[in-house]
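[1] need a 3D model of the sequence below.
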Amino acid sequence: MSQNRLEELINEASSFPPGLQKIEAFERAIAEAEVLGEPDVAFKLRSDLIQSAVFNGQGDRAIVAFAAYVKHADQNRATIDPRDLLGKYKWILNPMVELPQIPKAKILDMISDMSRRVEAAGYSQRAVFYKRWQMLTEMGDFDAAAVDMLKWQSATKDGLKDCEACETNSEVYFWAATQNNEKALEIARPILEGKLTCALIPQNTLGNVIRPLMRQGRIDDAVKFAEKGYRLTSKNEEHLCEVSEFLLVAIHTNALVRAKRIFSKHAIWALKTGCHSPRLRFNSVASAFLKKLDQGKLRETSSEGSETKKRKATSSVRLQLPSEHPLYRPDAKYDISELAAWYQNEAQNLAQQFDQRNGNRYASQCLKETYKLAGVDYE
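    Predicted structure coming up:
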């Protein structure tokens, strides 16, 4: 254990591209800093870890680091910018709501704590209203979310606000979740037209408009935005939810080759993610894909063009699944019914966990809608 070793670990963490390797490297550097009695260094590293984990599909690791981060910030208030801490509060709530084992009351308590800190730092409650209606929307509590949305809309903007593109996207998500499809698409227009952008937008929005478009029967538009969105999201594990929506479009349009390619490439993301909400989204769509494949309703073509032919009836399918998958086979030949049942069971179990936490049936309703939009009967 030495200062040189700590510097080596920090440099190692900095050298990795965004992803799990980088996050694990930060964790090793934090452990070394703690052993050497370098709390300020550990604090800075936790800040980097939280950001990297939240924005790369490993929010559960960010939650673990957040408690120690807050403790250090509270012990060093004279030297810690409260805006930095409040920014982390905004980030950490997202993975918290994506884990069904975290009670709804705990999430709301965290928002209340954020509210007290916001007031103490001299900011308006606008950011608090914003996060509350976001979290309530994610949990399917739409009436309560609408109340806080109105408060947010009338509150004074300040330095804690998100960028205009992200806030607009959040509104799109709310109206899409409540199935106000026209409203969702209307609000999304400046993003879809390229007038509002940021690091996460239009990627997130392209995923959020898929269901409103499909519900309205605007399949050509859904295909267009899905193809564009997939090009923008296919390399970042943070976008597992969006990729799942783009897979849903491929299933609906019977684009077998494209559906198999997306499913095979991103199955590993669903296995690795530290947040269960994106896993539920992918497993739901994957289950619908495999059931439709098993029923012989998908068609195949070499170019995914207008000329299609029926897939030959067969009980097996060749898929390139990751070796980490519980049903992995080296020969890449899978029993379709078995694989479909595995994904359906995983999706149903997660949906039940979220329903129990949220106190409603929203997650299960979303699962059923996924089947409906895919063109598969829900059993």
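[2] need the three-state assignment for Q134.
    Classification of Q134 into helix, strand or coil gives helix, according to DSSP: H, G, I helix; E, B strand; the rest coil.
[3] show the contacting residues for it.
    Listed by CB atoms under 8 Å, 6 or more residues apart in numbering, the contact set of Q134 reads L93, N94, A145, S170, Y173. (Each C-beta comes from the backbone N, C-alpha and C, glycine too.)
[4] could you list which residues are in contact with the first one?
    Same thing as L93. By CB under 8 Å, 6+ apart, the contact set of L93 is I107, M110, I111, M114, K131, Q134, M135.
[5] tell me how far the lengthiest helix in the chain is from the chain's mean position?
    When the chain is scanned for its longest helix (criterion: DSSP state H), the result is helix 336-358. How far helix 336-358 lies from its chain's middle: 17 Å, per CA atoms, centre = their mean, to the nearest Å.
[6] and for that helix, what's in contact with it?
    Around helix 336-358, the neighbours that count as contacts under CB under 8 Å, 6+ apart are 100-104, 139-141, 276-277, 279-280, 283-284, 286-287, 290-291, 293-294, 314-317, 319, 326-327, 361-364, 366-367.
[7] just the buried subset of these, please.
    Neighbour counting by 16 or more other CB atoms under 10 Å classes 100, 102, 104, 139-141, 276-277, 279-280, 283-284, 286-287, 290-291, 293-294, 317, 319, 362-364, 366-367 among those as buried.
[8] which ones among those residues map onto strands?
    Within these, residues falling in strands by DSSP state E are V317.
[9] could you find the closest non-adjacent residue to Q216?
    In space, Q216 comes closest to N181 once its chain neighbours are excluded; the distance is 5.6 Å by CB to CB, 6 or more residues apart in numbering.
[10] my bad, should have said W133
    Spatial nearest neighbour of W133, excluding adjacent residues (CB to CB, 6+ apart): D148 at 3.8 Å.
[11] just the element for the one you found, please.
    Assignment of secondary structure by DSSP states H and E places D148 within helix 142-154.
[12] just the buried positions in that helix, please.
    F142, A145, D148, M149, K151, W152.
[13] that one: how far from the chain's middle?
    Between the centre of helix 142-154 and the centre of its host chain there is 22 Å, according to CA atoms, centre = their mean.
[14] so which residues of the stretch 101-250 of the chain form helices?
    Per DSSP state H, counting those that start in this stretch, the stretch 101-250 of the chain has helices spanning 104-120, 126-138, 142-154, 164-177, 181-192, 203-208, 210-215, 219-233, 240-252. These are given in chain order.
[15] now the ones you listed in a markdown table, with mean pLDDT and distance to A351?
    As requested, the helices of the stretch 101-250 of the chain are arranged in a markdown table below (pLDDT from 0 to 100; distance: least, CB to CB, whole Å):
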| stretch | mean pLDDT | distance to A351 |
| --- | --- | --- |
| helix 104-120 | 97 | 16 |
| helix 126-138 | 98 | 14 |
| helix 142-154 | 98 | 17 |
| helix 164-177 | 98 | 15 |
| helix 181-192 | 98 | 22 |
| helix 203-208 | 98 | 19 |
| helix 210-215 | 98 | 16 |
| helix 219-233 | 98 | 23 |
| helix 240-252 | 98 | 14 |
